[in-house]
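*Asks:* Predicted model follows, preceded by the sequence.
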There are 2 protein chains.
Amino acid sequence: MRDAYHEDLDSLTDKLVEMTRLVRSAISRATTALLDADLQLAESVISQDDAVDRLFTEIEATIFELMARQQPVAVDLRLIITALRMGADLERMGDMAEHVAKIARLRHPESAIPPELRPMILEMGQIAENLVTKAGSCVATRDVESALELEQDDDAMDGLHRRLFTKILHKDWQHGVEPAIDITLVGRYYERYADHSVRVARDVVYLVTGSRPA
Amino acid sequence: MRDAYHEDLDSLTDKLVEMTRLVRSAISRATTALLDADLQLAESVISQDDAVDRLFTEIEATIFELMARQQPVAVDLRLIITALRMGADLERMGDMAEHVAKIARLRHPESAIPPELRPMILEMGQIAENLVTKAGSCVATRDVESALELEQDDDAMDGLHRRLFTKILHKDWQHGVEPAIDITLVGRYYERYADHSVRVARDVVYLVTGSRPA
């Protein structure tokens, strides 16, 4: 049987994995809400971000308890330090999904995304989902090799993000300023979401190896 | 004479205050670089962000040492937890200043900001500087009252940020899509910079009182 100390440590990992599940679902629904101008779905993302924030608060409380009562060393200490960082990253990923959903809500009943850009936004949403799914699996399994892969996967997001700007800055752009602004912000939210996923994966590498990837 | 433990704790505060100085200088120079299309100044902001990142790395290392060797409790433990969070916020503020400087560099020798919007951008830069100056002073003095004031000061930034959007979405906007995108991003960078300052101040409240402001 595990003692209370190890149960608390395990609960940190469990809650981080649960956070990755929630923010994966949030970005998935936010992308659909944005593309389909689905107000109800957008509202669900916005109202459910509280659950992500609550999990992070619980993680912080557990860490405080652990540090006050025990003197964790080595990998346990690294788990505590990285859980704080990973929790903060995942909380921001929830915020990014919420921001996307708010743009969907703002433009409803229209879609904020002109038809010719929808495939790109869909792809950004899918990359975001893949990244967070992988990050969650790395947190659960502590698999360093797949954690290191995330950085490459993120390159695809950066490439799409650049292509998105080429589209809105092209001389044939006919949708005016407002959609350009929406797309600029949406693009940044997806790109930040992906960056935070990579940071979570990098923290898994640090957790396991004790040093940060180059 | 202070022992090594308390010296380490003090060094955390010193380094956080030093980070606020560096990121204050960074946003100040970035704003000037943006308004004056000053390439050299923009480059200085971009190249000097490393110093901010290094300080945060040092803070993390000190925290790790402290936690591995000692068992801090109460306010010491809260300092360690909040130093990690404040350091992360300040590091992001450095990134925001760097992003502003990169837009200045991208549009050089033009200014990214049309003349009629310069007063607003200048004001956003000044609010950002005031916020981080106050936040730095709160970290140094642990003054809860002025830490709580920061939230109100940030309202001015949010108001300006909204007015900025009104300008670029106005039917009389004549500068086309590219400046609108630059301004959208710049506006978001200042607003995020301000948000992070507020988070630093909120962490000072938690550090001193043991509970987060409502």
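*Replies:* Perfect, thanks for sending it.
*Asks:* near chain B, which residues of chain A show up?
*Replies:* With CB under 8 Å from any CB of the partner chain as the criterion, chain A meets chain B at residues A:60, A:63-64, A:67-68, A:71-73, A:77, A:80-81, A:84-85, A:88, A:165, A:168-169, A:173, A:176-178, A:180-181, A:184-185, A:188. Heads up, the C-betas are built off the backbone N, CA and C, glycines and all.
*Asks:* Filter those down to the ones in helices?
*Replies:* A:60, A:63-64, A:67-68, A:77, A:80-81, A:84-85, A:88, A:165, A:168-169, A:177-178, A:180-181, A:184-185, A:188 (DSSP state H).
*Asks:* out of those, which are buried?
*Replies:* By the neighbour-count criterion of 16 or more other CB atoms under 10 Å in any protein chain shown, those include these buried positions: A:60, A:63, A:67, A:77, A:80-81, A:84-85, A:88, A:168, A:177, A:180-181, A:184-185, A:188.
*Asks:* So which of these sits lowest on pLDDT?
*Replies:* Across these, the member with the lowest pLDDT is A:M67, scoring 88.
*Asks:* Report the spatially nearest residue to that one, omitting neighbours in sequence.
*Replies:* For A:M67, ignoring the flanking residues on the chain, the nearest one in space by CB to CB, 6 or more residues apart in numbering or on different chains is B:L77 at 5.8 Å.
*Asks:* Contact partners for the one you found?
*Replies:* When the contact criterion is CB atoms under 8 Å, 6 or more residues apart in numbering or on different chains, the partners of B:L77 are A:F64, A:M67, A:A68.
*Asks:* and of the residues you listed, the nearest to A:M19?
*Replies:* Distance to A:M19, by CB to CB, is smallest for A:F64 among the contacts of B:L77, at 17.7 Å.
*Asks:* Does that closest one touch B:T82 like I think?
*Replies:* No. The pair A:F64 and B:T82 does not pass the contact test of CB atoms under 8 Å, sitting 11.0 Å apart.
*Asks:* and the helix or strand harbouring A:D53, which residues are buried?
*Replies:* Using DSSP states H and E, A:D53 maps to helix A:39-69. Under the neighbour-count criterion of 16+ other CB under 10 Å, helix A:39-69 has A:41-46, A:48-49, A:52, A:55-56, A:58-60, A:62-63, A:66-67 buried.
*Asks:* Give me the helices and strands touching it, please.
*Replies:* If contacts are counted by 3 or more CB pairs under 8 Å, 6 or more residues apart in numbering or on different chains; DSSP states H and E, helix A:39-69 sits against helix A:4-36, helix A:74-107, helix B:74-107.
*Asks:* Out of those, which is closest to A:V200?
*Replies:* Smallest distance to A:V200 across the helices and strands packed on helix A:39-69 (CB to CB): 4.9 Å, for helix A:74-107.
*Asks:* now that we're looking at A:I103, how far away is A:V186 from it?
*Replies:* Distance of A:I103 to A:V186, computed by CB to CB, to the nearest Å: 6 Å.
*Asks:* Ok, A:A112 next?
*Replies:* For A:A112, the distance to A:V186 under the criterion CB to CB works out to 7 Å.
*Asks:* and A:H161, what does it touch?
*Replies:* With contact set as CB under 8 Å, 6+ apart, A:H161 has these partners: A:M124, A:G187, A:R188, A:Y190, A:E191.
*Asks:* of those residues, closest to chain B?
*Replies:* Checking the contacts of A:H161 against chain B by CB to the nearest CB gives A:R188 as the nearest, at 7.1 Å.
*Asks:* Spatially central residue in chain A, please.
*Replies:* Most central in chain A under CA atoms, centre = their mean is A:M93, positioned 3.4 Å from the mean C-alpha point.
*Asks:* To what extent is the residue nearest to it when sequence neighbours are not counted buried, counted in neighbours?
*Replies:* With sequence-adjacent residues excluded and distances taken as CB to CB, 6+ apart, A:M93 is closest to A:V23, at 4.3 Å. By other CB atoms under 10 Å in any protein chain shown, the residues close to A:V23 number 32.
*Asks:* and if you look at the one 4 residues further on?
*Replies:* One way to gauge burial is a neighbour count; for A:I27, by other CB under 10 Å, it gives 29.
*Asks:* Now that it has come up, it's in contact with A:T133, right?
*Replies:* No. In this structure, A:I27 sits apart from A:T133 without contact. The criterion is CB under 8 Å, and the distance is 10.5 Å.
*Asks:* elements contacting the helix or strand harbouring A:E129?
*Replies:* For A:E129, the enclosing helix or strand under DSSP H and E is helix A:118-141. Other helices and strands packing on helix A:118-141, by 3+ CB pairs under 8 Å, 6+ apart, are helix A:4-36, helix A:144-169, helix A:177-209.
*Asks:* correct me, but A:L185 touches A:I103?
*Replies:* Yes. Counting by CB under 8 Å, A:I103 is a contact partner of A:L185 at 6.5 Å.
*Asks:* Give me the contacts around stretch A:89-102.
*Replies:* Residues lying outside stretch A:89-102 but in contact with it, judged by CB under 8 Å, 6+ apart, are A:16, A:19-20, A:22-23, A:26-27, A:29-31, A:33-34, A:41-43, A:45-46, A:49, A:52-53, A:56, A:132, A:185-186, A:189-190, A:192-193, A:196-197, A:199-200, A:203.
*Asks:* again, 6 Å this time
*Replies:* With CB atoms under 6 Å, 6 or more residues apart in numbering or on different chains as the contact definition, stretch A:89-102 has outside contacts at A:19, A:23, A:26-27, A:30, A:33-34, A:42, A:45-46, A:49, A:52, A:56, A:186, A:189, A:192-193, A:196, A:199-200.
*Asks:* ok, now stretch A:194-209?
*Replies:* Taking contacts as CB under 6 Å, 6+ apart, the residues outside stretch A:194-209 that touch it are A:78-79, A:82, A:85-86, A:89, A:92-93, A:128, A:131-132, A:135, A:138-139, A:142, A:144, A:147, A:150-151, A:154, A:157, A:212-213.
*Asks:* Derive a ChimeraX selection command for the buried subset of those residues.
*Replies:* Listed next is the ChimeraX selection for buried residues among the contacts of stretch A:194-209, using 16+ other CB under 10 Å:
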select /A:78,79,82,85,86,89,92,93,128,131,132,135,138,139,144,147,150,154,157,213
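*Asks:* Name the residues of stretch A:2-21 that come out as buried.
*Replies:* In terms of neighbour count (16+ other CB under 10 Å), stretch A:2-21 has its buried residues at A:D8, A:L9, A:L12, A:T13, A:K15, A:L16, A:V17, A:E18, A:M19, A:T20.
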